[in-house]
Each structure stands twice: as structure tokens, then as C-alpha cells.
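A.B. asks: got a structure for you, letters missing:
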């Protein structure tokens, strides 16, 4: 996996949500970087773990569940969740299908003007795992995990804190292929 911090900071995900680095804590492996979005910072937490070469190894998006489910704020939550997934999990069919399904749900929320595109169900081979992950996103299930080549995505609910939250954790698996990094750079270049 070769997604570098500088590439992530240059991505549409970072610029669209006005993300800015607010804290950097060095560690033996590299650093943990906290970021804050331009809006709704009280409801969103973002952290990224990078190695010494500033290759992103892990990313965590935490959303306040009440904010995620609020009639007026649900579209913003869906937008950042699907963008987080699509940016970090580039090239993985199951993770991309989950991001697209969240985007389709966002388009059906009240007050959202969505681009018209055909409802596309996830590929049959992925339907069960995507349905499980969507059930977590919608609050009906506690945890789901998607594993792809060189990466994993865990989506979970936690009501043990003062406020319930949804957490999406993307991680590079040890020994991940450098090819994924090349794919991500091609996707980034195509969006410019």
C-alpha cells in the first residue's frame, strides 16, 4: 500500500470537506495525525496513522450517530462517509460498492438534489457483505468487516460512550501490494 500523506492531503476528499491537520503525535512507527473538517467538527473525528515515510497505514472516521441520523444533517454524514470510503479504499470492488450504496441512500434523503443515475445494486457476489455493512451504517447491526487485497474496512457502532457513534476504520494490511498505490495515483490524477 503506497498512499502517501501528501497525496491524501491533495485529494478531493481533503479539499471538499476543508480538512486541516490539527494535531500530530509522533510514535515509534511514524505519527498519528488528527484532522478537523471545515464544518460540523463537533460531530466528526478523523485520525490517520502514517509510518516514517508518511505512508498512510490506518484511517479512522468517527461520526456522532445523532448527527448521522438527523433529518437535516444525514446528507452531510453520508457524503463524508462515502467519500472517506471511496478515497481510501480505491480499487476494491466491495468497498467501492459500499461507498456507492451510501451515496445512493444520500440521494434519497429529503432536501438532497442528487445527480440522476441508475440504481445499481451491488454485484451479487458482494450483496451479503454490503447489506451487512449498510445495516451497521443504518444502526441496525453492531459491526461488519470488508477485506480486500491489501486492505480492510471495519464499520461499527458503539453506544458505550456518552454519545453513540459510528466508526469506519480503513487499514492497510501488512505487505500490501505497491500496485494499489499506483492505482490510487492514477485515480487521483484522473480527478484533477
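C.D. replies: Received, thanks. What you see is a predicted model, and the numbers here were worked out from it, not measured in a lab.
A.B. asks: where does the residue lying closest to residue 3 once chain neighbours are set aside land on pLDDT?
C.D. replies: With Cβ to Cβ, 6 or more residues apart in numbering as the measure, residue 56 is the residue that lies nearest to residue 3, at 4.7 Å, once sequence neighbours are left out. Yep, even glycine has a C-beta here, placed from its N, CA and C like the rest. Reading off the per-residue confidence, residue 56 sits at a pLDDT of 96.
A.B. asks: Spit out the contact partners of residue 56.
C.D. replies: Contact criterion Cβ atoms under 8 Å, 6 or more residues apart in numbering gives 1, 3, 4, 5, 8, 48, 49, 50, 88, 172 as the residues in contact with residue 56.
A.B. asks: Strands of this protein, start to end?
C.D. replies: When secondary structure is read from DSSP state E, the chain shows strands at 20-26, 30-36, 44-51, 56-64, 143-148, 151-158, 165-172.
A.B. asks: And those: which comes nearest residue 96?
C.D. replies: Closest approach to residue 96 among the strands of the chain (Cβ to Cβ): strand 143-148, 9.3 Å.
A.B. asks: List the residues that contact residue 40.
C.D. replies: By Cβ under 8 Å, 6+ apart, residue 40 lies in contact with 67, 73, 76.
A.B. asks: Now intersect the residues you listed with the helices, please.
C.D. replies: Assigned to helices by DSSP state H, the following of the contacts of residue 40 qualify: 67, 76.
A.B. asks: Identify, from the contacts of residue 40, the entry nearest to residue 143.
C.D. replies: For the contacts of residue 40, the residue nearest residue 143 by Cβ to Cβ is residue 67; the value is 20.2 Å.
A.B. asks: ok, back up a step: okay, the contacts of residue 40 in TSV with distance to residue 13, neighbour count and pLDDT next?
C.D. replies: Compiled in TSV, the contacts of residue 40 are given as follows (distance: Cβ to Cβ, whole Å; neighbours: other Cβ atoms under 10 Å; pLDDT from 0 to 100):
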residue	distance to residue 13	neighbour count	pLDDT
67	19	19	90
73	19	16	87
76	14	20	90
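A.B. asks: quick one: the closest residue to residue 142 other than its chain neighbours from residue 51, how far?
C.D. replies: By the measure of Cβ to Cβ, 6+ apart, the closest residue to residue 142 outside its immediate chain neighbours is residue 157, 5.5 Å from it. Here residue 157 is placed at a distance of 29 Å from residue 51 (Cβ to Cβ, to the nearest Å).
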